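> Attaching a predicted model along with its sequence, questions to come.
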Amino acid sequence: MSLELLHRRMVVGMSLVALMAFAGGAGFEPLSTILAGTALCLAFFWQPDHDLSLRLEQFWLLSAAILVIRSLYHVFLVGDDVVIPVVDVLLLLLSAEALRSLEAPNDARLYSLTFALLLASTAYRPGILFALAFVSYVALATVALTVGHLQRITPAGREIALDRSFLFAMAGLSGVALLMSGIVFVAFPRFSQGWASRGEVLATSIAGFADEVSIGNHGSRIFPNPEIVFRVEFPDGQPSNMGGLHWRGRSYDRFDGVRWSRSPALPPSLGMDRWYAAWQPDRIRQKIYAAPLDVRVLFALHPLLEVQSDNPRVQPLLDNSGDHIYWGPGSPSYEAVSVDGRPDSEALRAATSGFAPARNHFTQLPRLSQQAVDLARSLTQGLDNNYDRAVAIESFFHSEFGYTLDLPRSAREATLEHFLFDRREGHCEYFSTAMVVLLRTLGVHAREVNGFLGGQWNEFGQYLAVTQNEAHSWVEVWFPGYGWVAFDPTPAGAGTSEAITSWLWPGRFLLDGLQHQWNKWILDYDQESQSGLIRRASEIFSRDQFTSQDSKPIARDPAVIFWGALMILALGLSLYWSNKRPSGGPETRLYLRLRESCCRSGLVPGEGVTPLTLVNELARRGHPAHRPAQRLVRMYLRSRFGGHALDDTDQEEMKTALSAVQRALRSEGRPSASSTPS
Amino acid sequence: MNVLESVAALPAELLAEPLAILRASWRRLRAWRRIRFTVGGAVFTAGAFATGFAAVNTGNNLLYLLLGAMLGFIALSGWLSEQALRGLEVRRRTPQGVTVGKTFRISYHVTSRKRRIPTLAVHLLESGLPGAAFIARLDPGESVTVRSENHFIRRGIYPLETLTLSTAFPFGLFTKKRDIPLTGELVIWPRADRSVALPTPPGGRNMPRYSDANGATLGARGEFRGLREYRAGDDPRDVHWRSTARTGQPMVREYDQDSAETLWICLDTRDEPGDHAEGAVETAASLAARAYHDGRRFALVTPSGQVDSGMGSAQLERLLDVLARVDFQQSGPRLSPPADPARCVLVSMSGSGRSSYGAYVPAGRWADDSTSEDAVGQESLAG
């Protein structure tokens, strides 16, 4: 392959990975991506001659003019995003340059265009595919720039022979560029306040957190949805009961019999911070990384005492009902501190009087049958405090009802009464709605809360992934002096098996873990992350780390062991390979390959074979490999011992002879016993 | 020197040595490596700065990755170019004589003392010469011979001081140069292919005619004059073996007729240097070349040196060497030929003193020059 063709293919490879990086970040724009990808794949295998290349220019110019007009229209008249139409023009130019003749001196343009495409992809929030594309781009660029330079610098009529080992070595040296990339990334001080990428427009839509939520859906079934809503790390250690963690989202105070809604003029209803702080002394810290959602809710464990956003553009807010929401662009990532546990049962029993939320928002009832009212009274007969009443109703549902994701078959069956007295099974919204309604008939302040329950622990990433499968509803009951206390009437353990299987395949954990690490350490890497790294690095090298009883010794850190083992393996392999590789010039290496091929075919013994012995043996057998082997051996002896310097033509001839020998050996196969001379 | 002047001279004296050290250090540093941006390298570096600027301003972490990769390429470029220039042993072979206007080649035998890394795309340049030799690829432990082509437009002695190894490998972003002190010189001979005509000497005297006999026959060459050291081009049959064995150096017999039949070329250098002076030198060289081609003995006399009578290619080379070094000065010494001036050919610009010489050839006028008045009807040396 000529240097020009090799160079062109390398640059086309760069273009393809840059396109992959862009498509992975900005989203898959089918038409332009497919067209550009097709043109680039074509350029990999075919290059027009000079005349055809000139004729194609007319076509490219016309297409570029059309795209530029389209871009201007989108930007100035439609007011659309400017990057996508500009990238379309970029892709067209890239395809045009890639499909020029090999003689065209367009190296600089090709480099610039591929780099511009890679640069454009950084404007979005690309996933881990960008990492793969970036590494590939750097490796290909190392080889392409080298080959391009050699091609330009070599005088006409001369050729520089580049073998595969050289090209692979150059690709391997791209590790230096990648290492420098990592060092600059980690160490370069972060001055800016952060970057809101263009990827935020692709927000995940989640049901159950809008201003109105209906429980009257009917039909077939609620299907599992493994899409991740947020990921949670626990800096203080993994909690013991992760399956029971209730991630509070939004509360609803008004129920009209079918749907829950939020009263527009709700007075402050959260309660005092000091009430919640007094529940238990223990705290649980959560670092939450949420995907962009269409509802701006900050999920956390209840009661939430503190929330601090990592992204300065995202502002946490508290609404009157005590729900934590946020304002601002970007994916919310924040640290939350919640109370670990709930108040003592006796304390809640004693909480019979005190401040209560105003205006009966949380005792509002829809039109209800007397049967439901009687049920509430019968369940709580003889109980003199709200805590016992709530527990009684909760236990009633746990013991008497079943859980199912199957929806009611009709609107009539979707009513609360049908659930309570006929169907006696349903999903979490029915349970929570029923409990709230029953409590309210007794005059207890209660409300419905929507959020998530539990999650999937990702061992690889050491975080809890909360998916839409874990969407859940439960109840909050007001206790004077303590605030809102959560109760969950949904029977325990329901739905979890379906949630696990809906992760589809174990590899998704690994990929998601990688994606999370990518988001955390690359996309969201900031000043605080940098300081944390420096702190950790100084801790590693400080004495206390080795003497502390609590901290894990470095030598037992799985990550250290893994990477250390990998480095030792790589070093060992490279040493083994360099020792195995025969010393000597190219003629020696080619002869040794000839000998090895003949030994593998069983024609000559492994050791102690001289070149002439090998050739004579082939001749004696009348093997078709005899003549090319003779040519190769003659050139080898002349070069090695006769002082005749091996030039490029000689090398090529030796390689051709070797290939001929190998072909002949393959076609003849191993010699049979009958061919052995007596 | 008064007190003020002494005081003023003090700083200069005090600073002389540190300045000399600084200059020497700078020369050494400069000779170590010199790096220069190529156009592509300047654009690439500017692009790296722009990427860094954008990264700092936007806080886009991925731009830091790109910036780091670009800086990595720059670092890799510096390291690999250094590896390409290291470990190379160069031996230069210059041609013995180079003629003005003719392309000549300088050969470089380059050996790589490296163990692993090949050398690719390295240029070898002589200081001041435009043509460079090019090493396409040199594997570790291997040797290669490469050549550069150049030509000179003026005769003289061209000193070769440093050989510069230059490479832009691997990416063509920067050109790195390394100077190797490799002294030598090139002797640029004047042109000797001019077609000169030997005019009829004034007074009707004829120049000694030359027969086709090469004068090598013993006895036909006159009385035995003595022994002298062998010079390249001498007839091996003239070697006196007994003297050679005794002295340990080849000795040859010399005869009277040898010097009698010699064409003595006397070049008068008393004039301003310039094109006419060069014309005189070329005339003298061409006369000698004609004698050589005719198988004649010839010699050269200049105010600064002379070449004794001899024949053959070695004699011509010796003569051309001297002519390469000849300098013209208005007030230079006069010619004093060792032979009878009547047997000498004077080559001069002014023609002063021509009457005492056997023949006079004006400088810069050649037989193929249609504008030359003396070119018509002149007798050539060939007889």
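Looks like it arrived, so ask away. Numbers count the residues shown, from 1 in each chain, chains lettered A, B, ... in the order given.

> now the closest residue to residue B:354 other than its chain neighbours, which residues is it bridged with?
In this structure, residue B:354 finds its nearest non-sequential neighbour in residue B:360, 4.0 Å apart by C-beta to C-beta, 6 or more residues apart in numbering or on different chains. For every residue, glycine as well, the C-beta is placed using N, CA and C. Residue B:360 has the following beta-bridge partners by DSSP bridges: residue B:346.

> my read: residue B:360 touches residue B:350, true?
No. Applying C-beta atoms under 8 Å as the test, residue B:360 and residue B:350 come out as separate, 10.5 Å apart.

> the more surrounded of these two?
Higher neighbour count among residue B:360 and residue B:350: residue B:360, with 22 against 13, using other C-beta atoms under 10 Å in any protein chain shown.

> any chance you could map the strands in the stretch 251-383 of chain B?
In the stretch 251-383 of chain B, the segments counted as strands under DSSP state E, counting those that start in this stretch are B:251-255, B:263-267, B:298-302, B:305-310, B:344-348, B:359-362.

> which one of the ones you listed lies closest to residue A:268?
strand B:305-310 (114.7 Å; C-beta to C-beta).

> what's the closest of the strands of the stretch 251-383 of chain B to residue A:401?
Residue A:401 lies closest to strand B:305-310 among the strands of the stretch 251-383 of chain B, at 125.0 Å (C-beta to C-beta).

> residue in the stretch 551-678 of chain A nearest to chain B?
Ranked by C-beta to the nearest C-beta, the top residue of the stretch 551-678 of chain A for proximity to chain B is residue A:585, at 6.9 Å.

> In contact with that residue: list those residues for me.
A:639, A:640, A:646, B:139, B:141, B:142 (C-beta atoms under 8 Å, 6 or more residues apart in numbering or on different chains).

> let's see it at 7 Å
Contacts for residue A:585 (C-beta atoms under 7 Å, 6 or more residues apart in numbering or on different chains) come out as A:646, B:142.

> how many neighbours does residue A:51 have?
Residues lying near residue A:51 (other C-beta under 10 Å) number 9.

> What ranges does the stretch 251-400 of chain A have for its strands?
Per DSSP E, counting those that start in this stretch, the stretch 251-400 of chain A carries strands over the ranges A:254-255, A:259-261, A:283-290, A:300-301, A:304-309, A:315-318, A:324-327, A:333-339.

> Out of these, the one nearest chain B is which?
Nearest of the strands of the stretch 251-400 of chain A (C-beta to the nearest C-beta): strand A:333-339, 13.6 Å.

> can you list contacts of that closest one?
For strand A:333-339, the external contacting residues (C-beta under 7 Å, 6+ apart) are A:276-277, A:279-280, A:283-290, A:298, A:300-311, A:316, A:524.

> Any quick ChimeraX command for the buried ones out of those?
In ChimeraX, a selection of the buried entries from these looks like this (16 or more other C-beta atoms under 10 Å in any protein chain shown):
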select /A:276,279,284,285,286,287,288,289,290,298,300,301,302,303,304,307,309,310,311,316,524
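
> confidence score at the residue nearest to residue B:354?
Per-residue confidence (pLDDT) for residue B:360: 78.

> quick one: it from residue B:191, how far?
Distance of residue B:360 to residue B:191, given as C-beta to C-beta, to the nearest Å: 21 Å.

> ok, now residue A:3?
42 Å.

> ok, now residue B:148?
For residue B:148, the distance to residue B:191 - C-beta to C-beta - is 22 Å.

> Ok, residue A:259 next?
According to C-beta to C-beta, residue A:259 stands 108 Å off from residue B:191.

> returning to that earlier point: with distance to residue A:489 added, can I get the strands of the stretch 251-400 of chain A in CSV?
Shown next, in CSV, are the strands of the stretch 251-400 of chain A (distance: least, C-beta to C-beta, whole Å):
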stretch, distance to residue A:489
strand A:254-255, 15
strand A:259-261, 15
strand A:283-290, 24
strand A:300-301, 19
strand A:304-309, 22
strand A:315-318, 27
strand A:324-327, 24
strand A:333-339, 22
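
> so where's the chain uncertain?
Unless you meant another one, I'm taking chain A. A:26-29, A:192-207, A:216-224, A:493-506, A:543-559, A:575-584, A:605-607, A:669-678 (pLDDT under 70).

> um, chain B though
Chain B contains residues with pLDDT under 70 at B:1-11, B:27-32, B:197-222, B:232-233, B:256-260, B:365-383.

> Tell me the helices and strands packed up against the strand ranked longest in it.
Criterion DSSP state E: the longest strand present in chain B is strand B:174-189. Helices and strands in packing contact with strand B:174-189 are listed as strand B:34-37, helix B:61-85, strand B:88-93, strand B:98-99, strand B:156-167, helix B:312-325; criterion 3 or more C-beta pairs under 7 Å, 6 or more residues apart in numbering or on different chains; DSSP states H and E.

> how about the residues of the stretch 451-600 of chain A near chain B?
Proximity of the stretch 451-600 of chain A to chain B is confined to A:522, A:523, A:525, A:585 under the rule C-beta under 7 Å from any C-beta of the partner chain.

> sorry, back to before: ok, residues contacting the longest strand of chain B?
The contact list for strand B:174-189, computed with C-beta under 7 Å, 6+ apart, reads B:31, B:33-38, B:41, B:77, B:81-82, B:85, B:90, B:92, B:94, B:97-100, B:152, B:154-168, B:320-321, B:323-324.

> Can you tell me the closest non-neighbouring residue to the spatially most central residue of chain A?
Residue closest to the average C-alpha location in chain A (C-alpha atoms, centre = their mean): residue A:515, at 2.3 Å. Spatial nearest neighbour of residue A:515, excluding adjacent residues (C-beta to C-beta, 6+ apart): residue A:128 at 5.1 Å.

> can I get the helices and strands packed on strand B:174-189 in TSV with mean neighbour count?
Output for the helices and strands packed on strand B:174-189, formatted as TSV (neighbours: other C-beta atoms under 10 Å in any protein chain shown):
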stretch	mean neighbour count
strand B:34-37	13
helix B:61-85	22
strand B:88-93	15
strand B:98-99	21
strand B:156-167	17
helix B:312-325	20
